[in-house]
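*Asks:* When you get a sec, could you give me coordinates for this:
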Amino acid sequence: MLRGWQWRQLAIACSKTSKTGSSLGRSIATSQSSCWPYSSSTAYTGHTEVVIALGTNQGNRVENLLGGLASLAQHGIEVLRVSLLYETAPMYLVDQAPFLNAAVLARTDLSPLQLLYHTKQIEKAAGRDLVTGRRHGPRPLDLDIVFFGGQDVQHEALKVPHTSWQDRAFVKAPVADLLLPEDIVRGWIRESHPDGSVMERLLQAVQHWEAEGGEQQIGQPGLCRVMPIHRQIWELGHSTHICGILNVTPDSFSDGGKHVATAGTAAPVQQTQQQELQQQQQGVVTAADDKQQQQPPSEQQQAASSSNSTAQPGIPTAAAEQPGQPQPQSAPSTAYPASVRGSINVDVSAAVDSARAMARAGAQLIDVGGQSTRPGSARLTVEQELSRVIPVIRALREDSELVHIPVSIDTFHSRVAAEAIAAGADMINDVTGGQQDPNMFPTAALLGVPYCLMHFRGDLATMTQAANTTYSCVWGEVGDALRQRAQQAVQAGVLPWNLILDPGLGFSKTSEGNAQLLGNLQNMRREMLRGVWGRMPLLVGPSRKRFIGKLTGQRVGSRFIMSHCCVDCQR
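*Replies:* Reported below is the predicted structural model:
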């Protein structure tokens, strides 16, 4: 922390310096060669890549970090990359709340002292006491300059590289996220000049982090990778988070028809074992998710029991299954005309009861979907989908038993995602990975909520065709596609700590391909999702899917144990 006189001196120095700051930059080194390797006539005056560490342990920590990121741009500091998010124990002064920590790779044309001045202005605006606050004490926002290009800065107000970065795991972990494999291949990031490039510093930081154990340090006391959701902080990597699937459709696999009253039709009936075996023999469905597995003869058919898909931030996870339970009869929703609802009435009370049952069984996230994604299912209009999911999401948010449970909206429409979040949902689950709606990535970035990006080929009508289910190496191609889509999402503004990757079991894959993918998820992480992409949480959904039945010969209602085994083998 700067002393009062140092703060005033810094402000005066910066106010007297031009924006390029070359004269100030040369003056802040104890010797010209220690900070500026070139003579004064050739001193570097271009853009400089910088690494800034962010921390907060007061107030709304997530909002503090988001505010800090926004303020950097407002102060002329271009943010190029953002790390994942970490919760860490305090150092030095341990009697205080845990911190949230992140790091950014940025670019600026400010001098080192000017950059320091602007970071202190951002801290001050966030409410930090820069004069009398306790050193290493609680703070709403802390911004530390870790690296300034390839330069060494020695000044009474600033030393770069940061003197303590090698001793702080809460700095090294997020800083390691900033270096990508392609940077190493290319040899630079944005700036190639030795003084402007932070490449060598980042390489040094990553090597230091890996020498101390790298990823093995995550989850140790005082250092957790986390994801914020629904006013909660979920720890990733050492715990399984269970996702319960709540379909508001007439024809979804497992619970289709349970939460709707189809107009003018008889009650749905359960598919018999003989019918399922006939479909298996005929190969009617070769790839499907919980909402795709069987193609009923009509939209009015209903499968045997409710399903919980498997959600796992940090490691592949499995679903806790909810046995079929009788649902109370209640008045269906009539907030939308039948032409908009897609010929169904939403039974909101039945949906809430199912969500309660899943929460009691251990579900930590309820995923609400109105669009059936079984192969060949009819595609709804945005208005039809909204009419199905919005009443349910509102009811879930108003239910006292479910107030603490995050809600996800399963949709590939950006408008549905936005309105669902406004209605109380906390996360977007997009089975198409942003491919069906070009506005999805920008919308997810603007909403600032977790976004699950799934691997998917083709569309609802074509995803089971050979062109979309044929791979030379299924886990390699799926991993490469996930990495590319994740990169595009981040480029659109989605924060890396809000991204969840889903390999898409049951979508655009044969039963054999699903099994191969499931058995090679760790290889996919290690070989195809290198760098920060491999540290993002995976959502894995094998729950009672078709490929399990094909491999084991088990009916849908008998696939509970194998569903769990599919996930347990990945842990």
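*Asks:* Surely Leu84 and Gly534 touch.
*Replies:* No - using CB atoms under 8 Å, Leu84 makes no contact with Gly534, being 11.0 Å away. In short, each C-beta sits where N, CA and C put it, glycine included.
*Asks:* So the two - more neighbours on which side?
*Replies:* Leu84 (25 against 18; other CB atoms under 10 Å).
*Asks:* for that one, what are its contacts?
*Replies:* By CB atoms under 8 Å, 6 or more residues apart in numbering, the contact set of Leu84 is 102, 174, 177, 225, 496-497, 532, 535-536.
*Asks:* one more time with 6 Å, if that's ok
*Replies:* Each residue near Leu84 by CB atoms under 6 Å, 6 or more residues apart in numbering is listed here: 177, 225, 496-497, 535.
*Asks:* Turn those residues into JSON lines, including neighbour count.
*Replies:* Shown next, in JSON lines, are the contacts of Leu84 (neighbours: other CB atoms under 10 Å):
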{"residue": "Asp177", "neighbour count": "26"}
{"residue": "Arg225", "neighbour count": "26"}
{"residue": "Pro496", "neighbour count": "20"}
{"residue": "Trp497", "neighbour count": "25"}
{"residue": "Arg535", "neighbour count": "21"}
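*Asks:* Now compare the residues you listed and name the two farthest from each other.
*Replies:* Arg225 and Pro496 (10.9 Å; CB to CB).
*Asks:* partners of the residue nearest the centre of the chain in the sheet?
*Replies:* By CA atoms, centre = their mean, the chain has its centre lying nearest to Leu499, at 1.8 Å. Using DSSP bridges, the bridge partners assigned to Leu499 are Tyr451.
*Asks:* Surely it touches Leu538?
*Replies:* No - with contact defined as CB atoms under 6 Å, Leu499 does not count as touching Leu538 (10.7 Å).
*Asks:* low pLDDT regions in the stretch 451-571 of the chain?
*Replies:* Residue ranges of the stretch 451-571 of the chain with pLDDT under 70: 542-571.
*Asks:* hmm, 80 instead?
*Replies:* Along the stretch 451-571 of the chain, the parts satisfying pLDDT under 80 run over 541-571.
*Asks:* Walking through it, point out its helices one by one.
*Replies:* 466-469, 474-491, 511-519, 521-523, 546-552, 560-568 (DSSP state H, counting those that start in this stretch).
*Asks:* Now do the buried residues in the second one.
*Replies:* This points to helix 474-491. Using 16 or more other CB atoms under 10 Å as the test for burial, helix 474-491 gives 474-483, 485-486, 489-490.
*Asks:* cool, stretch 442-454 as well?
*Replies:* 442-445, 447-454.
*Asks:* May I ask which two of those are separated the most?
*Replies:* Maximum distance among these (CB to CB): 19.9 Å, for Gly448 and Met454.
*Asks:* and Leu402, how far is that from Met358?
*Replies:* 10 Å (CB to CB, to the nearest Å).
*Asks:* meant to ask about His155, not that
*Replies:* 58 Å.
*Asks:* The two: which is more packed in?
*Replies:* Met358 (28 against 19).
*Asks:* my read: the more buried one touches Cys243, true?
*Replies:* No - with contacts defined as CB under 6 Å, Met358 does not count as touching Cys243, sitting 9.1 Å away.
*Asks:* give me the number of residues near Asp152?
*Replies:* Count around Asp152 with other CB under 10 Å applied: 17.
*Asks:* and if you look at the one 4 residues further on?
*Replies:* For Glu156, the neighbour count with other CB under 10 Å is 12.
*Asks:* Then the one 5 residues further on?
*Replies:* Counted by other CB under 10 Å, the residues lying close to Pro161 total 19.
*Asks:* ok, it touching Gly149?
*Replies:* No - look at Pro161 against Gly149 with CB under 6 Å: they stay out of range, at 10.5 Å.
*Asks:* can you give me the end-to-end distance of stretch 169-189?
*Replies:* 24 Å (CA to CA, to the nearest Å).
*Asks:* What of stretch 417-434?
*Replies:* End to end - CA to CA - stretch 417-434 spans 12 Å.
*Asks:* Only the buried residues of that stretch, if you could.
*Replies:* Per 16+ other CB under 10 Å, stretch 417-434 contains these buried residues: 417-421, 423-434.
*Asks:* next one: stretch 85-97
*Replies:* 85-88, 90, 96.
*Asks:* Could you tell me the end-to-end distance of it?
*Replies:* End-to-end for stretch 85-97, by CA to CA: 16 Å.
*Asks:* what's the answer for stretch 83-93, then?
*Replies:* 25 Å.
*Asks:* Please look at Gly68 and Leu141 and confirm they touch.
*Replies:* Yes - Gly68 is within contact range of Leu141, at 5.2 Å (criterion: CB under 6 Å).
*Asks:* what kind of secondary structure is Gly46 in?
*Replies:* coil (DSSP: H, G, I helix; E, B strand; the rest coil).
*Asks:* measure it to Pro194 for me?
*Replies:* 11 Å.
*Asks:* tell me the contacts of the nearest residue to Leu54 once chain neighbours are set aside?
*Replies:* Among residues not flanking Leu54 along the chain, Ala102 sits closest, at 4.9 Å (CB to CB, 6 or more residues apart in numbering). Ala102 is in contact with 54, 65, 83, 85, 174, counting by CB under 6 Å, 6+ apart.
*Asks:* Looking at those residues, which is nearest Val352?
*Replies:* Closest to Val352, out of all of these and judged by CB to CB, is Leu85, at 31.6 Å.
*Asks:* what sits opposite that closest one in the beta ladder?
*Replies:* Applying DSSP bridges, one finds that Leu85 bridges with Val226.
*Asks:* so where's the protein uncertain?
*Replies:* For the chain (pLDDT under 80), the answer is 1-45, 238-239, 250-344, 374-377, 541-571.
*Asks:* can you list the residues that contact stretch 45-62?
*Replies:* 20, 22, 64-65, 68, 97, 99-109, 138, 140-149, 171, 175, 191, 196-198, 228.
*Asks:* got it, and stretch 205-218?
*Replies:* Counting by CB under 6 Å, 6+ apart, 172, 175-176, 179, 223, 225, 237 sit against stretch 205-218.
*Asks:* Would you mind listing the buried residues in it?
*Replies:* Per 16+ other CB under 10 Å, stretch 205-218 contains these buried residues: 205-206, 209, 218.
*Asks:* what do you get for stretch 237-248?
*Replies:* Counting neighbours by 16+ other CB under 10 Å, stretch 237-248 gives 237, 240-248 as buried.
*Asks:* Just the terminal-to-terminal distance for that stretch.
*Replies:* End-to-end for stretch 237-248, by CA to CA: 31 Å.
*Asks:* Ok, stretch 397-417 next?
*Replies:* With CA to CA, one end of stretch 397-417 sits 16 Å from the other.
*Asks:* got it, and stretch 132-151?
*Replies:* Terminal-residue distance, stretch 132-151 (CA to CA): 31 Å.
*Asks:* next one: stretch 171-186
*Replies:* Taking CA to CA, stretch 171-186 runs 25 Å from one end to the other.
*Asks:* Only the buried residues of it, if you could.
*Replies:* Quick answer for stretch 171-186 (16+ other CB under 10 Å): 171-180, 183.
*Asks:* Please apply the same query to stretch 516-536.
*Replies:* Quick answer for stretch 516-536 (16+ other CB under 10 Å): 516-518, 520-521, 524-525, 528-536.
*Asks:* Identify, from those residues, the entry nearest to Val368.
*Replies:* For the buried residues of stretch 516-536, the nearest to Val368 is Met536 (23.1 Å; CB to CB).
*Asks:* got the contact list for stretch 226-233?
*Replies:* Against stretch 226-233 from outside (CB under 6 Å, 6+ apart): 62, 85, 87, 234-236, 313, 406, 426, 450.
*Asks:* All set now, cheers.
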